[in-house]
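[1] Using only what follows, build the 3D model:
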Amino acid sequence: MRKKAEIETAFSPTHSLALVGAFYLVGVGGAGMSGLARMLRHRGYHVGGSDLGGSVEYERLVEEGFDELSIGHSREAVERFLENHSDPVAIVLSDAIDLATSPEYKAAQERGIPVVRRSQALGWILREYRVIAVTGTHGKTTTTGMVGAGLIASGLDPVVVVGATVPEWGGPIREGNGEYAVVEACEAYDSYQDIEPFLVVLTNLEGDHLDYHGSYESLRDSMVRFVSKVGKEGGLVYCADDRGASEVAELTDVRCLPYGLSRAWLQQVSNKFELGIDVDALPSGKDLDLYLPGDHNRMNATAALAAASFINEGGPCVDLAAFEHGLKRFTGAERRMQVLATSPVTVIDDYAHHPSEIAVTLQAVRERYPNRRVIAVFQPHLYSRTKDAYEEFAASLDIADLVFVTDIYPAREQPIPGVSSARIGEKCYRPVRYVPSRHLLPREVAAIVQDGDVVIAMGAGNISEFGPDLIAELERVQTPRPRRVLVALGGDSSEREVSLHSGRAVAAALRKIGVEVEVQDLSDLLLRRGTVQSLIGSNRPDVVFLAVHGTNQEDGAVQGLLELLHIPYTGSGIQASALAMDKEMTKKVLAREGIPVPRGVLVRSVEDEIPVSLPVVVKPNAQGSTVGLTFARTPEELRLGIEKALAFDKSVLVEELIEGMEISTPVLVDRALPPVEIAPVSGVYDFGNKYTPGATEEIVPARLPAEVLAKAQETALAAHRALGCSGATRTDAIVRNGEVIVLEVNTLPGMTGTSLLPNSAAAAGISFEELCRIIMEDALSRHASKT
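    Okay, the predicted model is just below:
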């Protein structure tokens with residue numbers, strides 16, 4: 001944010017550009033700066049520059065052959081540019097650049113290179129033209145374009161400088177060989193004071209950019225100073241329907257020409273100021289058949305016609321009929337009611353970011369698209385602009401039928417405590433949805449939009465990305481295609497190798513049933529590639545099938561990542577996964593629900609007291625079911641078992657060894673499957689026997705009485721529900737004298753050839769392919785109900 005003292009002392013005078021032959025633009029990817037780059041090159045200057053990120057305008061410049069641009073701000077880039085050019089160089093800074101942290105500014109100071117603002121360089125370029133400066137709080141861009149279009153149609157071949165790309169001109173700049181230059185002149189940071197106008201067109205004036213001007217009165221006085229720069233041959237064309245513009249006209253001594261949609265009001269103005277104007281002879285846009293809809297655009301057209309009329313007061317110069325024809329054909333600038341799609345949903349992008357702009361824009365949308373549902377998607381711009389206008393924003397947005405509000409675009413500002421766009425939503429009486437992350441807006445809107453709706457995105461920040469993203473999201477939703485699944489395998493736990501087998505088996509099964517499958521190791525994705533690009537945007541998977549095991553995989557870590565990405569995934573959520581992975585916490589939860597569990601103690605050292613009699617089972621507290629497992633029958637075996645387990649985890653669970661039949665009972669989407677009897681050949685069910693084919697006999701159903709089998713299923717289902725689990729789980733237990741004692745619950749059961757869940761499902765008549773399908777569809781169903 002520029003300060004007045006900074007503007008007065010930190011920049012070189014404009015006349016220092018007189019001998020310059022090369023310009024380095026810092027912030028070259030902005031709309032205004034990219035236009036300046038084109039103007040400078042058109043006039044034969046060497047142009048280089050840098051930008052923080054690769055904006056659309058930056059990419060356009062590269063495509064147009066600007067080959068001395070770079071991403072990121074650095075001193076080195078400036079030094080290279082200086083080495084490549086023998087001509088004197090000037091640095092041009094966007095007002096978005098902070099001088100205190102700019103390496104380019106520091107390099108220029110040390111080298112004695114002139115540093116100017118974008119507005120200074122623009123004013124210097126325009127010094128030979130008769131400048132028509134279009135200014136005001138709202139409507140500058142469209143009015144500038146309309147005046148330019150009219151003068152072009154009249155054959156006057158003007159230079160036109162607009163603050164946004166005009167598609168029919170191929171950019172924000174239209175070069176010409178005539179004597180006129182039509183320029184959008186912005187009041188932010190007094191940048192328009194660097195322009196010497198022949199004619200000022202003032203569309204309106206409201207309190208805005210008060211972070212710099214301080215008050216409306218200060219802004220008004222600044223506008224008066226700008227208008228007063230007009231020479232004797234020039235003047236002010238202003239909107240008499242607007243109080244602020246009328247105040248400026250009253251306070252300046254230059255010749256004034258009012259315009260407006262109300263001829264009665266214009267006559268009152270003429271009489272008040274003794275202008276002697278024949279109001280009936282003034283042009284009016286009220287009855288024009290414009291391409292652009294809305295009263296605000298008819299007012300903009302009236303301003304353009306008034307400007308043409310003013311020019312003609314010095315002698316016929318503008319062919320008004322041709323001017324009007326050109327004005328009527330003007331299709332507008334980017335982000336000014338720009339229609340991006342028309343079917344099955346109309347998608348519009350607009351720059352409106354002030355309450356009154358939002359109101360007139362939504363009214364224009366209703367005019368163009370009568371009897372259709374209008375959905376407004378709004379991103380506030382600046383904390384300072386938002387904090388005092390919650391009710392005004394809400395009142396304007398209520399013109400729509402449904403409102404989405406996302407977080408504030410800060411631009412140059414730091415957050416202000418207590419200021420939130422959510423408070424705008426609180427003031428709306430129309431249905432409103434607050435979506436803090438704008439990246440989620442396309443999904444949220446696509447989920448509720450209907451054929452025939454009109455969706456309009458509004459704001460001055462990066463909300464411009466929403467429209468194309470929504471169109472891509474709608475195409476994703478509406479285009480028939482196979483289910484797209486990412487099978488996550490591998491990971492960084494001690495059960496990585498097992499996970500690779502599970503993932504490959506799942507991927508093969510899903511492909512058999514016609515699912516589009518991508519196999520991905522998430523650890524590889526994050527630690528080697530350092531990107532989650534494949535998990536975002538319209539090409540993201542429909543669901544992630546978690547075929548991973550162990551720490552960071554089934555303890556809530558991966559689940560948390562996918563929650564942040566808002567992607568459905570199989571298995572339990574963050575909390576249930578974390579609880580189930582913590583064996584001691586699982587026991588506490590289950591015991592509270594009356595489910596039998598072994599007695600035990602949690603230790604962190606071989607020196608800790610162990611109030612459990614031998615024999616015991618020793619295992620890491622938060623690892624897979626058999627990782628680091630020891631059966632200890634002597635004190636020495638206990639000590640060695642604890643040391644072994646501590647190699648896998650910082651805490652170790654020592655439990656009583658319960659003699660009996662070991663079983664595992666899967667739960668599939670809240671349905672208990674047949675219990676599996678686990679009978680290792682060696683008598684010990686450890687990691688090796690669990691995963692080595694033939695090392696363990698798995699009998700389905702377990703050789704237990706019917707009532708015990710039923711009890712095992714009831715217990716597994718109760719444990720599943722007590723922990724808040726979802727999808728498929730597997731409850732390991734020991735059956736002793738008919739009692740089912742739960743050892744632990746696994747939230748992501750193995751899916752290999754020796755895994756218990758697939759074997760149990762097969763006994764229940766569920767094929768492996770069908771099992772994978774059920775787990776996948778359950779994840780999608782749960783996500784849909786949540787959102």
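
[2] Now do the closest residue to Ala188 other than its chain neighbours: how many residues are near it, please.
    Distances taken as C-beta to C-beta, 6 or more residues apart in numbering place His209 nearest to Ala188, at 4.6 Å, with adjacent residues excluded. C-beta: built from backbone N, CA, C; applies to glycine. Using other C-beta atoms under 10 Å, the number of residues around His209 comes to 18.

[3] so His209 makes contact with Tyr189?
    Yes: here His209 reaches Tyr189: they are 7.5 Å apart, a contact under C-beta atoms under 8 Å.

[4] if we can go back for a sec, roughly how far does the residue nearest to Ala188 sit from Cys186?
    9 Å (C-beta to C-beta, to the nearest Å).

[5] in the chain, which helix or strand is least confident?
    helix 263-272 (a mean of 50; mean pLDDT, DSSP states H and E).

[6] His549: neighbour count?
    The burial count for His549: 27, using other C-beta under 10 Å.

[7] what does Pro482 give?
    13.

[8] Got the phi and psi for it?
    Phi and psi for Pro482, reported as degrees, to the nearest 10, are phi -70, psi 160.

[9] and the closest residue to it other than its chain neighbours, what pLDDT?
    Closest residue to Pro482 apart from its sequence neighbours, by C-beta to C-beta, 6+ apart: Glu516 at 4.4 Å. pLDDT, Glu516: 95.

[10] same deal with Ser246?
    pLDDT, Ser246: 94.

[11] Which of the three states applies to it?
    helix (DSSP: H, G, I helix; E, B strand; the rest coil).

[12] how near is the closest residue to it other than its chain neighbours to Asn204?
    Spatially, and ignoring its direct neighbours in sequence, Ser246 is nearest to Ala240 (5.9 Å; C-beta to C-beta, 6+ apart). Note on Ala240: its distance to Asn204, by C-beta to C-beta, is 11 Å.

[13] Also Ala321?
    For Ala321 relative to Asn204 (C-beta to C-beta), the value is 28 Å.

[14] Comparing the two, which shows the higher neighbour count?
    A direct count of neighbours by other C-beta under 10 Å for Ala321 and Asn204 places Asn204 higher, at 22 against 10.

[15] For stretch 242-257, buried residues please.
    Residues of stretch 242-257 classed as buried by neighbour count (16 or more other C-beta atoms under 10 Å): Asp242, Gly244, Ala245, Ser246, Glu247, Val248, Ala249, Thr252, Val254, Arg255, Cys256, Leu257.

[16] Surely the first one is in contact with Met223?
    Going back to what we said before, that points to Asp242. No: judged on C-beta under 8 Å, Asp242 makes no contact with Met223 at a distance of 11.9 Å.

[17] Kindly report which residue of this structure is located farthest from the centre.
    Most distant from the centre of the chain: Thr634, at 59.9 Å, with distances by C-alpha atoms, centre = their mean.

[18] ok, that one touching Leu614?
    Yes: assessed by C-beta under 8 Å, Thr634 is found in contact with Leu614 at 6.9 Å.

[19] rewinding a little: tell me the buried residues in whichever helix or strand comes after the least confident helix or strand of the chain?
    Downstream of helix 263-272, the first helix or strand assigned by DSSP states H and E is helix 295-312. Neighbour-count burial for helix 295-312 flags 296-311 (criterion: 16+ other C-beta under 10 Å).

[20] can you tell me how far the most centrally placed residue in the chain sits from Leu36?
    Centroid-nearest residue in the chain: His439, 2.9 Å away (criterion: C-alpha atoms, centre = their mean). Relative to Leu36, His439 is positioned 31 Å away (criterion: C-beta to C-beta).

[21] Equivalent analysis for Pro380, please.
    Per C-beta to C-beta, Pro380 is found 28 Å from Leu36.

[22] Equivalent analysis for Arg592, please.
    69 Å.

[23] likewise Gln338?
    The value you get for Gln338 to Leu36, if C-beta to C-beta is used, is 23 Å.

[24] which of those two has more neighbours?
    Leu36 (26 against 21).

[25] what's the strand or helix carrying that one in contact with?
    Per DSSP H and E, Leu36 falls inside helix 31-42. Among residues not part of helix 31-42, those counted as contacts by C-beta atoms under 8 Å, 6 or more residues apart in numbering are 23, 25, 27-28, 47, 49, 57-58, 60-61, 64, 66, 92, 94, 118, 121-122, 125, 161-165, 171-173, 175.

[26] try 6 Å
    By C-beta atoms under 6 Å, 6 or more residues apart in numbering, the residues outside helix 31-42 that reach it are 23, 25, 27-28, 47, 57, 61, 94, 118, 121-122, 125, 163-164, 172-173, 175.

[27] give me every residue that touches Arg633.
    So Arg633 contacts Leu614, Pro615 (C-beta under 6 Å, 6+ apart).

[28] Show the pLDDT at it.
    At Arg633, pLDDT is 91.

[29] Kindly report the same for the one 10 residues further on.
    According to the predicted model, the pLDDT of Glu643 comes to 89.

[30] neighbours around it, how many?
    Glu643, neighbours per other C-beta under 10 Å, totals 14.

[31] Show me which positions of the strand or helix carrying it end up buried.
    Glu643 belongs to helix 635-646 when assigned by DSSP H and E. For helix 635-646, burial by neighbour count (16+ other C-beta under 10 Å) applies to Glu637, Leu638, Gly641, Ile642, Lys644, Ala645, Leu646.

[32] Compile the residues you listed into JSON lines and extend it with columns for distance to Gln575.
    What follows is the buried residues of helix 635-646, written out as JSON lines (distance: C-beta to C-beta, whole Å):
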{"residue": "Glu637", "distance to Gln575": "36"}
{"residue": "Leu638", "distance to Gln575": "33"}
{"residue": "Gly641", "distance to Gln575": "30"}
{"residue": "Ile642", "distance to Gln575": "29"}
{"residue": "Lys644", "distance to Gln575": "30"}
{"residue": "Ala645", "distance to Gln575": "25"}
{"residue": "Leu646", "distance to Gln575": "27"}
